[in-house]
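Peer 1: Need a 3D model of the sequence below.
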Amino acid sequence: MPGIRQAIQRATHRGLGAAVHRHRPLSRRGLQERLFTLAFRRLVYPQIWEDPIIDMEALRLGPGDRMIAIASGGCNVLSYLTADPAEIIAVDLNGAHIALNKLKICGLRELPDHAAFFGFFGRADARENLAVYDNLLRPNLDEASRAYWEGRGIDGRRRIEAFSRNFYHHGLLGRFIGAGHAVAKLYGKRLDAVLSAENMDQQRAAFEREIAPLFEKKFVRWLARRPAALYGLGIPPSQYRALAPDGPEGIASVLKRRVERLACDFPVRDNYFAWQAFGRRYARAVDPSVPPYLQPEPFEALRARAERVKMYHGSLTDRLAAEPDGSLDAYVLLDAQDWMNDAPLTSLWTQIHRTARPGARVIFRTAADEPLLPGRVPAGLLDAFRYEAERSRELGARDRSSIYGAFHLWVRADD
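Peer 2: Just a heads-up that it's a prediction; the model follows:
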């Protein structure tokens, strides 16, 4: 299995390098890019940070639809199954994310009921989960995923042990959020105060009292000006540069506005993104404060549909190149295009244009509030799609994750 783990790591490193590296290794920006890919080659997202409810509204998923999506932590890919699509092609450059997705799919197939599934992937903090893995999941995992979860981290523990010690404290994002809580404590503040609020007025008061003052601290503002400090949010240097001009007072003001939106614009009782950011876990009440795939009602349907998810380790553009003409109805690009320069963007949209059926929907998010594509992708490609500007703004305003500058919906124009 060491050989399999090394092969996965090499493939991850190559794919991330192709996606992120734009400058010479010994240049300042080149060094930043390589530090990012070094961090990003491990598990980054224990939970994905795009709202699947918004995604499914935009995509209008239904029976018969074939879709392709960047997999990330798998929460959204599995949540899309609630809409009953015919097939989901899930792709990711990061081998750790592929292993996490396959573990979740294995859990849907092999765990006896929703309580067991939620205990493993929702609570994700019980010692008993190790026995569940060894007895029910391990024998049914593919060899590559088994090699990943049984590999050992720098602490000498098997990676699977994270599910016995709150999995959501792990990964690059989990540790970044933990560091944010530690900094708040240094200043005598409690981020989880928002979660005790009984209404949105109390949420606002908790934000103003416990969170807003942190963004005025010199140390916090100094950290925000360092691109490497935000790698834990999955923000590569190119995305950082796009994000920074969005606020008149720099990156700290951008981050403050987005944390404020997360804390104040949606009731925390049903916003699981707020629970992860401010509580580092899901709420004890299951529905609706967890992702759709973790809710009890769709569990049996998801189990029956689990085989419809096809996982691929590699780039989205390469995977699309292997798909037939006019074969896909929906595309979920997350924020990957923020990483790309014009040539990769054009290659990606060339494949989207070729594979899209009439009426196909494409969604993505951007860190900055910008249109992104016009002027960078040839008009001949974009002219085949219609940008739904008003609908994009409306959906973006309701995205509970709150961390992006804009949500975008493009529709194949010949519908």
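Peer 1: hmm, who's touching stretch 193-206?
Peer 2: With C-beta atoms under 8 Å, 6 or more residues apart in numbering as the test, stretch 193-206 has contacts from 207, 209-211, 263-264, 267-268, 274-275, 278-279, 283. All C-beta spots, glycine's among them, are computed from the backbone N, C-alpha and C.
Peer 1: what residues go with each domain of the chain?
Peer 2: Domain segmentation of the chain under automatic domain parsing yields 2-40, 171-279.
Peer 1: Now the terminal residues of the last one, how far apart.
Peer 2: So that's domain 171-279. From its first residue to its last, domain 171-279 covers 16 Å (C-alpha to C-alpha, to the nearest Å).
Peer 1: Now do it: distance to the chain's middle.
Peer 2: Centroid separation between domain 171-279 and its chain, computed with C-alpha atoms, centre = their mean, to the nearest Å, is 17 Å.
Peer 1: mean pLDDT for the domains of the chain: which is lowest?
Peer 2: Among the domains of the chain, domain 2-40 carries the lowest mean pLDDT, a mean of 56.
Peer 1: Kindly export the host helix or strand of residue 365 (C-alpha atoms) in PDB.
Peer 2: Using DSSP states H and E, residue 365 sits in strand 356-366. What follows is strand 356-366, C-alpha atoms only, in PDB (Å, rounded to 0.1, in the frame of the first residue of the first chain):
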ATOM      1  CA  ALA A 356     -23.300  20.400 -23.200                       C
ATOM      2  CA  ARG A 357     -26.800  19.300 -24.200                       C
ATOM      3  CA  PRO A 358     -29.400  22.000 -25.200                       C
ATOM      4  CA  GLY A 359     -30.400  23.800 -22.100                       C
ATOM      5  CA  ALA A 360     -27.400  22.600 -20.000                       C
ATOM      6  CA  ARG A 361     -26.700  24.600 -16.900                       C
ATOM      7  CA  VAL A 362     -23.300  25.700 -15.600                       C
ATOM      8  CA  ILE A 363     -22.700  27.100 -12.100                       C
ATOM      9  CA  PHE A 364     -19.700  28.400 -10.400                       C
ATOM     10  CA  ARG A 365     -18.600  30.900  -7.700                       C
ATOM     11  CA  THR A 366     -15.900  33.600  -7.600                       C
END
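Peer 1: Surely residue 269 and residue 284 touch.
Peer 2: No: judged on C-beta atoms under 8 Å, residue 269 makes no contact with residue 284 at a distance of 11.2 Å.
Peer 1: Looking at those two now, which is surrounded by more residues?
Peer 2: In this view residue 269 and residue 284 are compared by other C-beta atoms under 10 Å, and residue 269 has more residues nearby, 15 against 8.
Peer 1: For the more buried one, grab phi and psi.
Peer 2: phi -60, psi -30 (degrees, to the nearest 10).
Peer 1: which parts of stretch 142-160 are buried?
Peer 2: Under the neighbour-count criterion of 16 or more other C-beta atoms under 10 Å, stretch 142-160 has 144, 145, 146, 147, 148, 149, 150, 151, 159, 160 buried.
Peer 1: now do stretch 173-186
Peer 2: Quick answer for stretch 173-186 (16+ other C-beta under 10 Å): 173, 174, 176, 177, 180, 181, 183, 184.
Peer 1: residue contacts, the second one?
Peer 2: What that stands for is residue 174. Residues 46, 167, 168, 280 are the ones in contact with residue 174 under the rule C-beta under 8 Å, 6+ apart.
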